[in-house]
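S.K.: Structure, please.
(chains A and B)
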Amino acid sequence: MAEHKQPPRPILFSGARLIDPAGGRDAPGDLLVVDGRIAAIGTGLADKGLPDGTERVLGSGLCLAPGLVDLRVQLREPGEEHKETISSAGAAAAAGGVTSMVALPNTDPVIDDVAGLEFVARRAREMRKVKVYAYAGVTKGLAGKDLTEMGLLAESGAVAFTDGLNAVADARVMRRALSYARTFGALIVQHPEEPALAAGGQMNEGELATRLGLAGIPPAAEAIMIERDLRIVALTGGRYHVAHVSTAESIEAIRIGKARGLHVTCDTAPPYFALNELAVGDYRTFAKLSPPLRSEEDRAAVAAAVADGTIDCIASDHAPHDQDSKRVPFAQAAPGVIGLETLLPVSLELVHKRMLSMVELFRRLALAPADLLGLPQGRLAVGAPADLVLFDPERAWVVDEDRFLSKSKNSPFGGRPVQGRVLRTLVDGRTVFAAEQ
Amino acid sequence: MTATTLRFRHRHLLGIEGLSREEITLLLDLSQAYVDQNRRADKKLSTLRGRTVINLFFETSTRTRTSFELAGKRLGADVINMSVQTSSIKKGETLIDTAMTLNAMRPDILVVRHPDSGAVNLLSQKLDCAVINGGDGSHEHPTQALLDALTIRRRRGGLEGLTVAICGDILHSRVARSNIHLLAIMGARVRLIGPPTLMPSCIDRLGVEVFHDMKRGLAGSDIVMMLRLQTERMQGSFVPSIREYFRFFGLDYEKLKSAKPDALIMHPGPMNRGVEIDSELADDIDRSLIREQVEMGVAVRMACLDTLARTDAGNEAGS
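M.R.: Numbering: from 1, shown residues only, chains lettered A, B, ... in the order given. Have a look, this model is predicted:
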């Protein structure tokens, strides 16, 4: 514990490409970190005098950006520590350039009371890697019936409310949740799927599901829930966020909702713009997600919506599962894939394909999620927490999930050639990850 | 025979999809020879003497399991039946663990039936022996499609150019999927008849015509294949009642008039008399091939066991 007391050394990054989505900046410059905060941004900072013992990092050819703020991570602690722990997820996050992650409440027990929330907070403090925030359930037991103590939970640090992988299916419960949450300005995050339409479904409904003999989930199950919810948002004036949007119709519904001035935002995860249902191939359980991977048309629509800003945030949707949950027949396999260590490189594909700028990418990955949750990070600004990622945007590598720090290896991107490698990650000025050179 | 069977290029028989017309023809030709063999008084051969076949059934089955068992025994193999009730799956052992355990006993061929689509593919990836799909979920049931093809071929001389109507619960049917693939590969025209609730999405992309009206769908058909309607699926969710289903989609003499005058009727069994097929019609020896299908089943399974045993031996010799 002694080392924690010692403030980290000041660091000067010089000549790096500074990416600041808040100021719209993408230009070379210097950035000085002192006492865990960004102390100065400019050029020629070395000539203006540095504190004693400043570490100097040459950043030429590298990008320095705000660390990623990951809206959707399943930590599996408490309850399923054989799949992931707060500590192993923290190490994976740091290696992926993620400096803040928000934990879903679908642990065992679920996080629906103050005690559960405080457990996560305490374990996160002990981990001393990246910042961990927590959702609390919208309903007790994530069962979709009775509201949680949102006010007390918000006071204890819940940044938003969601029933995790369960949709808040009952329209009356959703109305009350959105309405009551207004008391505290709280955000309700929905898993957008009409459960009755999706029941028993294993993959996207369509030709491949028919060939494989797997029960399908119709894309309409997602849009139906979002369209219903948007009417409840209009009714209540609540703040509503749609998690992992995966279809063109959903995006269209959200676009219309935004145009009407409703408080609606949304995110997606890299699999939904980088893969389509064909990844399921010959019953590949690592391509089983919830919502499922969709058609090529839907994939392209998600990528375009990330680019045009209809999709506000990109989250990893990190869902660790061990082999026992995945090396089983497709229908029995647990849905979800890991994503902390592929979030940045797979998202960078959109920049490499010139679909959006580096600044806009970091708006989706850092600034927008931070703003959504009212957090001060996600920007390069003097006085802001020094949560930073230094990465080489060009360096090519091949995804090898066996080398990932996450306890589980269920990545759908294994073997994929990507471009962009995290070299160093800082949280409050402390180096939490440094790549082996 | 070795020269011909070597042209079967697959280590396992997991489905009809992916087989070539030549490979299907090879299996049917070999099956034909076994039909004659099975009609002799002395039915036992020594082709697979010393080989071990395990029937691993995770789903109850009488006719498929018995058919495979007879096929193996008539070829001289040692056949062992394992069913889910007596296996350690019930004790929490995973499918992969079961596979590894069986693998260690060094069987030559494993015949697997499983309620989950893709489970047989998964097992085949973990085993050293050849695997035959005895039916997986709603995916495929290749030996059923082969025995149906053999039955039709013996009556009609071939499959090319025939119009085959498949009627009933297409959505949940592995028999339908395997038959759709096989008939398309062999050049037959396939029609599917059933209510939209029992029709899988995008099924038309498999090269079939879809009908929701039985008489229109049967018009001009040479073969009518009826599928079993699982009773647990009839309670209000997919179709409202048995009597309504039989009224619109059950096969009787009246509806059969729409088909060609010499159209033949098939059913993979077990039948629900009075649900999908009129009881009298099912027993009409002039129209119904249902019992013949069962006979062909043993011959087809002998051909499949024989072919995979040879392919496997060929691979071992080559490696």
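
S.K.: alpha carbons only for contacts and neighbour counts from here, please
M.R.: Will do.

S.K.: Run through the stretch 201-319 of chain B and note the low-pLDDT ranges.
M.R.: Scanning the stretch 201-319 of chain B for pLDDT under 70 picks out B:232-236, B:312-319.

S.K.: how about the residues of it that lie near chain A?
M.R.: Taking CA under 8 Å from any CA of the partner chain, the part of the stretch 201-319 of chain B that reaches chain A is made up of B:201, B:202, B:203, B:205.

S.K.: Turn the residues you listed into CSV, including neighbour count.
M.R.: Written out in CSV, the entries for these read as follows (neighbours: other CA atoms under 10 Å in any protein chain shown):
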residue, neighbour count
B:201, 20
B:202, 14
B:203, 22
B:205, 13
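
S.K.: How about the contacts made by the residue lying closest to residue B:17 once chain neighbours are set aside?
M.R.: If the residues on either side of it in the chain are set aside, residue B:17 comes closest to residue B:181, at 5.8 Å by CA to CA, 6 or more residues apart in numbering or on different chains. Neighbouring residues of residue B:181 by CA atoms under 8 Å, 6 or more residues apart in numbering or on different chains: B:16, B:17, B:206.

S.K.: ok, now with 10 Å
M.R.: A:211, B:15-19, B:140, B:142, B:145, B:190, B:206-208 (CA atoms under 10 Å, 6 or more residues apart in numbering or on different chains).

S.K.: do residue A:298 as well
M.R.: With contact taken as CA under 10 Å, 6+ apart, residue A:298 is in contact with A:219, A:245-251, A:272-273, A:276-277, A:304.

S.K.: repeat that for 8 Å
M.R.: Applying CA under 8 Å, 6+ apart to residue A:298 gives the contacts A:246, A:247, A:248.

S.K.: any idea which of the residues you listed has the most stuff around it?
M.R.: Neighbour counts for the contacts of residue A:298, by other CA atoms under 10 Å in any protein chain shown, peak at residue A:246, which reaches 29 neighbours.

S.K.: That one contacts residue A:295, correct?
M.R.: No. With contact defined as CA atoms under 8 Å, residue A:246 does not reach residue A:295; the gap is 9.5 Å.

S.K.: Which helix in the chain has the most residues?
M.R.: No chain specified, so I'll use chain A. Determined from DSSP state H, the single longest helix within chain A is helix A:220-236.

S.K.: right idea, wrong chain: chain B
M.R.: In chain B, ranked by residue count with DSSP H as the criterion, the top helix is helix B:290-318.

S.K.: Which pLDDT value goes with the closest residue to chain B within chain A?
M.R.: For chain A, the residue positioned closest to chain B under CA to the nearest CA is residue A:213, at a distance of 4.1 Å. At residue A:213 the predicted local distance difference test score is 97.

S.K.: Test my guess that it contacts residue B:119.
M.R.: No. Under the criterion of CA under 8 Å, residue A:213 is not in contact with residue B:119, lying 11.3 Å apart.

S.K.: what about stretch A:270-283, distance to the chain center?
M.R.: Between the centre of stretch A:270-283 and the centre of its host chain there is 19 Å, according to CA atoms, centre = their mean, to the nearest Å.

S.K.: Backbone dihedrals for whatever residue of the stretch 151-300 of chain B ends up closest to chain A, please?
M.R.: Going by CA to the nearest CA, chain A is nearest to residue B:202 of the stretch 151-300 of chain B, at 5.1 Å. When quoted as degrees, to the nearest 10, the phi and psi of residue B:202 stand at phi 60, psi 20.

S.K.: quick one: it from residue A:281, how far?
M.R.: Distance, residue B:202 to residue A:281, using CA to CA, to the nearest Å: 17 Å.

S.K.: same deal with residue B:45?
M.R.: Distance, residue B:45 to residue A:281, using CA to CA: 40 Å.

S.K.: go on, residue B:201?
M.R.: When CA to CA is the yardstick, residue B:201 and residue A:281 sit 18 Å from each other.

S.K.: Residue A:130 now?
M.R.: From residue A:130 over to residue A:281 the distance is 36 Å, taken as CA to CA.

S.K.: neighbour count winner among those two?
M.R.: Remark: of residue A:130 and residue A:281, residue A:130 carries more neighbours, 30 against 12, as counted by other CA under 10 Å.

S.K.: Go ahead and confirm that one touches residue A:432.
M.R.: Yes. If you go by CA under 8 Å, residue A:130 and residue A:432 touch, sitting 7.4 Å apart.

S.K.: which residues do the two both contact?
M.R.: Joint contacts of residue A:130 and residue A:432 (CA under 8 Å, 6+ apart) are A:91, A:94.

S.K.: circling back to that earlier point, which one of the contacts of residue B:181 is nearest to residue B:217?
M.R.: Of all these, the one sitting nearest residue B:217 is residue B:190; the distance, using CA to CA, is 10.2 Å.

S.K.: Show me which residues of the stretch 1-150 of chain B are close to chain A?
M.R.: Taking CA under 8 Å from any CA as the test, the list of the stretch 1-150 of chain B residues beside chain A reads B:94, B:95, B:96, B:116, B:117, B:118, B:119, B:122, B:137, B:138, B:139, B:140.

S.K.: Which of these ranks first by neighbour count?
M.R.: Top of the residues of the stretch 1-150 of chain B next to chain A by neighbour count (other CA under 10 Å): residue B:140, with 30 neighbours.

S.K.: any idea how far the residue most central in space within chain A is from residue A:273?
M.R.: By CA atoms, centre = their mean, the mean C-alpha position of chain A lies nearest to residue A:315, the distance being 2.4 Å. In this structure, residue A:315 and residue A:273 are separated by 12 Å, where distance is defined by CA to CA.

S.K.: before we move on, what about residue A:234?
M.R.: Applying CA to CA, one obtains 29 Å for the distance of residue A:234 from residue A:273.

S.K.: same question, residue B:8
M.R.: For residue B:8, the distance to residue A:273 - CA to CA - is 40 Å.

S.K.: Nothing else from me, thank you.
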